[in-house]
Structure formats: structure tokens, C-alpha cells
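Asker: Return atomic coordinates for the entry below.
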Amino acid sequence: MIAITHVPSPKTELGQRTFVERNPIEHERALRQHDEYCQMLRKFGAEVQTLSVNLDLPDCVFVEDTAIVLDEVAVLASMGAESRRAEPAGIEMALRKYREIHRVELPATIEGGDVLRVGRKLLVGSSSRTNRAGVKALHSMVRPYGYEVVTVPVRDCLHLKTACTALPDQRLLVNRAWLDTEALRGFELVPVPEPWGANVALLGATVCIAAHNEQTAGMIRELGFEVRTIDISEFAKAEGGITCLSILFEESGSSR
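Answerer: Okay, here's the model as predicted:
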């Protein structure tokens, strides 16, 4: 597994806020938490590549938003936040080593945090960062590879993955208050007991979750999964979750 990450900018505190209040971010602590996050990825077998190309851009650590990487292709995002629109170009060189590159262009907008892959379905959040044209552009790029795109209306949170991610058995963790569950018909839904608990990352069969979501971590353990918790409190202040800090993909995509 490849994990592309980005060093936190010293300007992280100046980044975008949409649904959270602005609070001070301790940069040195953020650096330590990011290093621990990368160590966790390595422990589970990921080859971690930590970039520093966008250090002048406050939100650069949230690298997941810059691209959607599938088995066959990588799609560079067209960022919904104007202040972030220079970020994908800095990530492109790292991705080119592994995938053919496609680009979504303005006025279409789409961010990687709004795209959840579950098998051959791509659940795409219709959010403040991803518009209808962005969903349509992604669909046109991935349809030749056999992916189905399902639009999921999102409300009161930044991205789809803030409110919904998948467990290893493809059940979906959801915060029902933040999305339209009608769009998720056909999936088994597992409601979370904490507002921010639905954002988890999968490292093999292990479910990784932010340490402050203790109730959700306990629930997932009761479902029979191995759980790893990690402190990302400084990034949570900037509206970031555990998936936001990396782009995870297999080095050689399959054709399944």
C-alpha cells in the first residue's frame, strides 16, 4: 500500500473553517501528531511518502482532498475552496509514478474527501466543496472502468467522509444527521454514537479512528473488528479527520 502524506504547514491555523469555530493550533504538536500518524501507517505495511511541496498553503496537510485514486486512474481534484486550488498540482508528480492522471476543471469542483469507494461504487458527496458539475465530470472519467457513481447529499459537515465511511465488510458507518441516507439504499448502515465518529480509515482489516471518538471505537470493537486509535486533536481543530491526512492506494491497481 502507498500512503501519500504532506507535512503540516506552519500556517495551518489560517486554513479554511466551515462548520467549526476557529481555535488556536499548536504547530509543534501538530507535527508530532502527524509523525505518529505516519508511523502508524508504516506499522501496517504502508510505504509512506511525505511531501512538502505545498507548505505555504495552510490546508496542505489534508492531502486526501487533492485527488481520487482508483485502481486504474488518478483524478486530480478541482478544489471547492479557492484558497486550496494550487494544491493538486503539487501532488501530481507523486501520483504520476503510479497512475494515469485525469483532471477535473473549473467551474466543476470536487474534493477527495467527498468520494468514498465501496467496491465498484463511488459514493460522492454533494457538499459545499463538490458541485453537480464535479460529480458529472468524475462520472465521465470513471465510467469506462466500470464504476457506478452515486450522489449523496451532505449537510452541516464539510465532506461525505466526515459523515460516512466503510467498515472492512462494506457496512457503512454513518452520522444520519449529516447526510441523506435515502441515497445509501442497498447498504447496511451502522449509526455512530458521536457526531465525528463516522470518519475511519482502513489499514487492511484494521479500523483506524481518532482517539477522541471513544464510544465509536468501542462500538466498532464490539462488531468484531480490530481498532487502532490515534490522537489527531490539532487537525480536528481545522475540521480534519483521520482519512484527510493521507491518500491510500495499492501500488499496482487490480482490474477487478
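
Asker: okay, CA-based contacts and neighbour counts for the rest of this
Answerer: Will do.

Asker: which stretches of the chain aren't confidently modelled?
Answerer: Applying pLDDT under 70 to the chain flags residues 253-256.

Asker: Tell me where it has helices.
Answerer: 27-43, 87-96, 132-142, 160-163, 214-222, 233-236 (DSSP state H).

Asker: Out of these, the one nearest residue 116 is which?
Answerer: Distance to residue 116, taken as C-alpha to C-alpha, is lowest for helix 160-163 among the helices of the chain, at 6.9 Å.

Asker: and the closest one, C-alpha only, in CSV?
Answerer: Below are the C-alpha coordinates for helix 160-163, written out as CSV (Å, rounded to 0.1, in the frame of the first residue of the first chain):
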residue,chain,number,x,y,z
LEU,A,160,-19.1,13.0,2.7
LYS,A,161,-16.3,11.2,4.6
THR,A,162,-17.0,13.4,7.7
ALA,A,163,-20.4,11.7,7.9
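
Asker: what's next to it, contact-wise?
Answerer: Applying C-alpha atoms under 8 Å, 6 or more residues apart in numbering, the external contacts of helix 160-163 come out as 113-116, 124-127, 152, 154, 157, 173-176, 178-179, 196-199, 241, 243.

Asker: Looking at these, which are in strands?
Answerer: Assigned to strands by DSSP state E, the following of the contacts of helix 160-163 qualify: 115-116, 124-126, 152, 173-174.

Asker: Export those residues to JSON lines and append columns for neighbour count and distance to residue 235.
Answerer: Shown next, in JSON lines, are those (neighbours: other C-alpha atoms under 10 Å; distance: C-alpha to C-alpha, whole Å):
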{"residue": "115", "neighbour count": "30", "distance to residue 235": "20"}
{"residue": "116", "neighbour count": "20", "distance to residue 235": "20"}
{"residue": "124", "neighbour count": "29", "distance to residue 235": "23"}
{"residue": "125", "neighbour count": "32", "distance to residue 235": "21"}
{"residue": "126", "neighbour count": "23", "distance to residue 235": "23"}
{"residue": "152", "neighbour count": "20", "distance to residue 235": "25"}
{"residue": "173", "neighbour count": "23", "distance to residue 235": "21"}
{"residue": "174", "neighbour count": "26", "distance to residue 235": "21"}
